[in-house]
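> Sequence plus predicted model, see below.
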Amino acid sequence: MSASQDVGSELLRLDGVRKSFGDHVVLRDVGLTIEPGQCVVLIGASGSGKSTLLRCVNLLEVVDDGMITFEGRDITDPQVDGDEVRSRMGMVFQAYNLFPHLDVIGNVTLALRLVHGVQAAEARSRGLEMLDRVGLSDKANARPDDLSGGQQQRVAIARALVANPRLMLLDEVTSALDPELVGEVLDLLTELKGEGVTMLLNTHEMGFARDVADQVCFLHDGRIHEQGSPEQVIGDPQQERTRAFLSRIR
Ligand code: ADP
Ligand code: MG
């Protein structure tokens, strides 16, 4: 167990996070904690700030105010090396962004070799192990174009996982998929949760959130309006805005 886990049980903590673009305030006073092994799901309408929140956590956006603590360290400190922080997080996007000219194993191992300095043979063996974990060991030498959308997204998840990130950030990873392909990706996330992978994600899949999330946060206009267990937030929302949102997407 790492030293940071000895100090406190939190892996990630946000306090009073504020982010604006020009005079448009996109996140206001956002507070959130994630313990190792937890799956925290952000829900909310388009434009409520979910993607921006994920991008602030891995320092793709600079927050205006507040603090983000990751593994016990304030990563909003300007001295912090963003690349180093990102190397300990895995991020997966709605559009899988695989490199079309590389085969699947090449995609999965590229950052391991170039960012993490892992030798080719070891990178390949870790990559194959990860492909096996996402159920795609027979596709190592396929090109992304020859895979279904669901398979491509599983490759993108394997690519993010292969460097053993402490935290996975997943931004609407099933939204671009045909409906019949959504299940295989959600099943994979459910398995990862079972294996103890810590995840912060946003999705419109309320069934998944209800079954897998430890915490659900409802964002509206950049603010967390309601936060708690899925039974509370999805099953028995207390805020009128949460109820209105849930009734629209059901
Ligand atoms: P969500 O993911 O919940 O749909 P976003 O975080 O993408 O919401 O966006 C929240 C708000 O921030 C939106 O109004 C969006 O237009 C705005 N926004 C996001 N990124 C930028 C940016 N780089 N520049 C200006 N406005 C942005
Ligand atoms: Mg978004």
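That came through, no problem. Ligands and ions are numbered 1, 2, ... in the order given.
> residues contacting G44?
K50, N202, F218, L219, H220, F245 (CB atoms under 8 Å, 6 or more residues apart in numbering). All C-beta atoms are positioned from the backbone trio N, CA, C, and that covers glycine.
> Which ones among the residues you listed map onto strands?
Per DSSP state E, strands hold the following members of the contacts of G44: N202, F218, L219, H220.
> And the nearest residue to A142 once chain neighbours are set aside, its phi and psi?
Leaving out its chain neighbours, the residue that sits closest to A142 by CB to CB, 6 or more residues apart in numbering is V104, at 5.3 Å. When read as degrees, to the nearest 10, the backbone of V104 gives phi -60, psi -50.
> what about V104, how many residues close to it?
Counted by other CB atoms under 10 Å, the residues lying close to V104 total 27.
> re earlier: give me the buried entries from the contacts of G44.
K50, N202, F218, L219, H220, F245 (16 or more other CB atoms under 10 Å).
> same for ligand 1: which of those are within range?
Contacts with ligand 1 within the buried ones among the contacts of G44, as defined by CB under 6 Å from any ligand atom: K50.
> The chain against ligand 1: which residues are in contact?
Counting by CB under 6 Å from any ligand atom, the chain sits next to ligand 1 at F21, V26, G44, S46, G47, S48, G49, K50, S51, T52.
> And the furthest pair within the residues you listed?
F21 and G44 (17.4 Å; CB to CB).
> I'd like the mean pLDDT over the lengthiest helix in the chain, please.
Longest helix in the chain, counting residues (DSSP state H): helix 179-194. Helix 179-194 shows a mean pLDDT of 97.
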